[in-house]
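predicted model, plus sequence, below.
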Amino acid sequence: MIIVERIDSGADLDTLVEEINTASWDEANGLAVYDAGALRAYLELDGTVFLACHELSDGARTLLGIASGRLEMKPYGGERWLYVDEVDVRIDQRRKGAGSALMNRMFATARAAGCTEVWLGTEVDNVAANALYRSLDPDEIAQVVGYTWALD
């Protein structure tokens, strides 16, 4: 059985961080080393959504993936939306439905918060991610250019 839980700052973050840091992740994801204190501070920010997906089997609990995002509001009209920042599934646990389960929980979280849309972006060459997101029947698929600025 697959379960997806929304994690808050009162959760056992030490255990979750240990699960994340010892899991096998796709190197292209650039998944950083997690720290319980930093995760707690992140979770305490208003609007933060952090999900953990586990498989429960014969009393064992295995981390399949994690996802994070932010509930936001547009500065006009009061329209709320959810920005999905990361969806990561362990490379040794793929094709079990974790990505879909995480995204469906994001959709449910957005609906419960009164959001009118969910937005995310991924790299054009991320074949697995693009296949997942297309399978979820998006309303629009757009080519975008992303910019980053490293601040000293």
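Yep, that arrived. Since we're looking at a predicted model, the values are computed, not measured.

elements contacting the worst-scoring helix or strand of the chain on mean pLDDT?
One helix or strand of the chain scores below all others by mean pLDDT, DSSP states H and E: helix 127-135, with a mean of 87. Contacts defined by 3 or more Cβ pairs under 8 Å, 6 or more residues apart in numbering; DSSP states H and E place helix 127-135 against helix 98-112. Yep, even glycine has a C-beta here, placed from its N, CA and C like the rest.

partners of the first helix or strand past the helix it packs on going along the chain in the sheet?
Following helix 98-112 in sequence order, the next helix or strand is strand 115-120 (DSSP states H and E). According to DSSP bridges, strand 115-120 has the following sheet partners: strand 80-89 (parallel).

any low-confidence regions in this protein?
Where the chain drops to pLDDT under 70, the residues are 28-31.

contacts for the least confident helix or strand of the chain?
Val87, Arg94, Gly99, Ser100, Met103, Leu120, Thr122, Glu123, Val124, Ile141 (Cβ atoms under 8 Å, 6 or more residues apart in numbering).

run through the residues that contact the fourth one.
If you count contacts by Cβ under 8 Å, 6+ apart, Ser100 has them with Leu132, Ser135, Leu136.

surely Leu82 meets Val118?
Yes. With contact defined as Cβ atoms under 8 Å, Leu82 counts as touching Val118 (4.7 Å).

so what sits against both of these two?
Common neighbours of Leu82 and Val118 (Cβ under 8 Å, 6+ apart) are Met106, Ala110.

most neighbours, which of the contacts of Ser100?
Counting neighbours by other Cβ atoms under 10 Å, Leu132 leads these with 19 neighbours.

still on that earlier bit, keeping just the C-alphas, turn the least confident helix or strand of the chain into CSV.
Output in CSV follows, covering the C-alpha atoms of helix 127-135 (Å, rounded to 0.1, in the frame of the first residue of the first chain):
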residue,chain,number,x,y,z
VAL,A,127,11.9,12.4,-19.9
ALA,A,128,10.5,10.7,-16.8
ALA,A,129,9.2,13.9,-15.3
ASN,A,130,7.6,15.0,-18.5
ALA,A,131,6.0,11.6,-19.0
LEU,A,132,4.5,11.7,-15.5
TYR,A,133,3.2,15.3,-15.9
ARG,A,134,1.7,14.6,-19.3
SER,A,135,-0.1,11.5,-17.9
